[in-house]
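Engineer: Show me how the following folds:
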Amino acid sequence: MAGFSSQRRIAAEILKVGETKIWIDPEHKEEIKNAITRADIKKMISHGYIKKRPDKIRIKKMEKAKKQGVGSRKGKKGARLPKKRKWINTIRPLRRMLKELRDEKKIDEKNYRRLYMLAKGGVFRSRTHLKLYLKQRGIVEDAKEKT
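Structural biologist: Numbering: from 1, shown residues only. Below is the predicted model:
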């Protein structure tokens, strides 16, 4: 768009980006052309008529990362999510579920303690796995309701 050089320059200074990163709304050409002061430009920015374009490099990197599969990941398995964090993300919901079952009297204290220790020992992969275990052993019939 020709004729917006000063507006583009002021907007670039305000948004702290290069002039090529400034997007000007084509539907509001006349309003933007009449904006000559920094205050006017700030008003156009707040209305959304002038915006900062997204970083192309970042977008390309993100798109590339999405397209690439698991095989293209670099670093160890634990580099993305440490073992401890993974364990915390597994054990907390299990313990929460066990406490709920105990409080609702669906399991007695003895079973609760045994299941708690099994969970601590890493027997259950997830809440679903625990529910399956409970159902198979006949400890809780309506384990599906806890979902």
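
Engineer: Scan the protein for its longest helix.
Structural biologist: helix 83-103 (DSSP state H).

Engineer: Contacts for that one next, please.
Structural biologist: 107-109, 112, 115-116, 119-120, 124-127, 130, 140, 146 (C-beta atoms under 8 Å, 6 or more residues apart in numbering). From N, CA and C alone the C-beta is placed, and that goes for glycine too.

Engineer: next one: stretch 70-79
Structural biologist: residue 80.

Engineer: Could you count how many residues lie near residue 83?
Structural biologist: Per other C-beta atoms under 10 Å, the neighbour tally for residue 83 reads 9.

Engineer: Distance check, it against residue 116.
Structural biologist: 21 Å (C-beta to C-beta, to the nearest Å).

Engineer: can you check residue 34 too?
Structural biologist: Applying C-beta to C-beta to residue 34 and residue 116 gives a distance of 71 Å.

Engineer: Those two: who's more crowded?
Structural biologist: When residue 34 and residue 116 are compared for neighbours, residue 116 comes out ahead with 15 against 10, by other C-beta under 10 Å.

Engineer: Can I get the buried part of the contacts of helix 83-103 as one PyMOL selection?
Structural biologist: A single PyMOL command is used to select the members of the contacts of helix 83-103 judged buried by 16 or more other C-beta atoms under 10 Å:
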select buried, resi 107+112+115+119+124+127+130+140
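
Engineer: pLDDT averaged over the longest helix of the chain, what's the number?
Structural biologist: Mean pLDDT, helix 83-103: 96.

Engineer: ditto for stretch 128-137
Structural biologist: 95.

Engineer: Just give me how far that stretch sits from the chain centre.
Structural biologist: Computed by C-alpha atoms, centre = their mean, to the nearest Å, the chain-centroid distance of stretch 128-137 equals 30 Å.

Engineer: Chain neighbours aside, what residue packs nearest to residue 133?
Structural biologist: residue 124 (6.6 Å; C-beta to C-beta, 6 or more residues apart in numbering).

Engineer: A helix includes that neighbour, no?
Structural biologist: No. Counting by DSSP: H, G, I helix; E, B strand; the rest coil, residue 124 is not part of a helix but coil.
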